[in-house]
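Q: requesting a structural model of the entry that follows:
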Amino acid sequence: MVNDECRMSNEELWRALRSVIIFFLVICMVTERANYYHFSVKPAKA
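A: Below is the predicted model:
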C-alpha cells in the first residue's frame, strides 16, 4: 500500500511538473512573440 501511495504521489508530482513546464513554455512563447511584434512593428511605424 505504501508503494501505491508513493506511485500516486509521483504521478501527481510529474503531472504538476508537466503543467508548470507547459505554463512556462506558453509564457516564453507569448513574450517572445510580443517582443518580436513590438520590435518589428515599432521601426516600421516610426
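
Q: could you check the distance from M29 over to F23?
A: 11 Å (Cβ to Cβ, to the nearest Å). Just so you know, the C-beta spots here come from the backbone N, C-alpha and C atoms, and that holds for glycine as well.

Q: do the same with N10
A: From N10 to F23 the distance is 20 Å (Cβ to Cβ).

Q: same question for V30.
A: Distance from V30 to F23, by Cβ to Cβ: 11 Å.

Q: now swap in E11 and tell me
A: According to Cβ to Cβ, E11 stands 19 Å off from F23.

Q: pull the number of nearby residues for R7.
A: 10 (other Cβ atoms under 10 Å).

Q: that one sits in which helix or strand?
A: Taking DSSP states H and E as the definition, one finds R7 inside helix 2-45.

Q: list the helices and strands that helix packs on?
A: Helices and strands touching helix 2-45, as assessed by 3 or more Cβ pairs under 8 Å, 6 or more residues apart in numbering; DSSP states H and E, are absent.

Q: and that helix, how far out from the chain's middle?
A: Averaging C-alpha positions (Cα atoms, centre = their mean, to the nearest Å) puts helix 2-45 0 Å from its chain's average.

Q: low pLDDT regions in this protein?
A: Along the chain, segments meeting pLDDT under 70 span 1-3, 8, 41-46.

Q: buried stuff in stretch 5-21?
A: Within stretch 5-21, not a single residue qualifies as buried, counting by 16 or more other Cβ atoms under 10 Å.

Q: all numbers from here: first residue = 14
A: Yes, from this point I'll number from 14; that puts the last item at stretch 18-34.

Q: send the alpha carbons of it over as PDB?
A: Below are the C-alpha coordinates for stretch 18-34, written out as PDB (Å, rounded to 0.1, in the frame of the first residue of the first chain):
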ATOM      1  CA  GLU A  18       0.700   5.800  -2.400                       C
ATOM      2  CA  CYS A  19       4.200   6.700  -3.400                       C
ATOM      3  CA  ARG A  20       3.400   5.900  -7.000                       C
ATOM      4  CA  MET A  21       0.300   8.100  -6.800                       C
ATOM      5  CA  SER A  22       2.200  11.000  -5.300                       C
ATOM      6  CA  ASN A  23       4.900  10.600  -8.000                       C
ATOM      7  CA  GLU A  24       2.200  10.700 -10.800                       C
ATOM      8  CA  GLU A  25       0.700  13.800  -9.300                       C
ATOM      9  CA  LEU A  26       4.100  15.400  -8.900                       C
ATOM     10  CA  TRP A  27       5.000  14.600 -12.600                       C
ATOM     11  CA  ARG A  28       1.600  15.900 -13.700                       C
ATOM     12  CA  ALA A  29       2.100  19.200 -11.700                       C
ATOM     13  CA  LEU A  30       5.700  19.500 -13.100                       C
ATOM     14  CA  ARG A  31       4.500  18.900 -16.600                       C
ATOM     15  CA  SER A  32       1.700  21.500 -16.200                       C
ATOM     16  CA  VAL A  33       4.300  24.000 -14.800                       C
ATOM     17  CA  ILE A  34       6.700  23.400 -17.700                       C
END
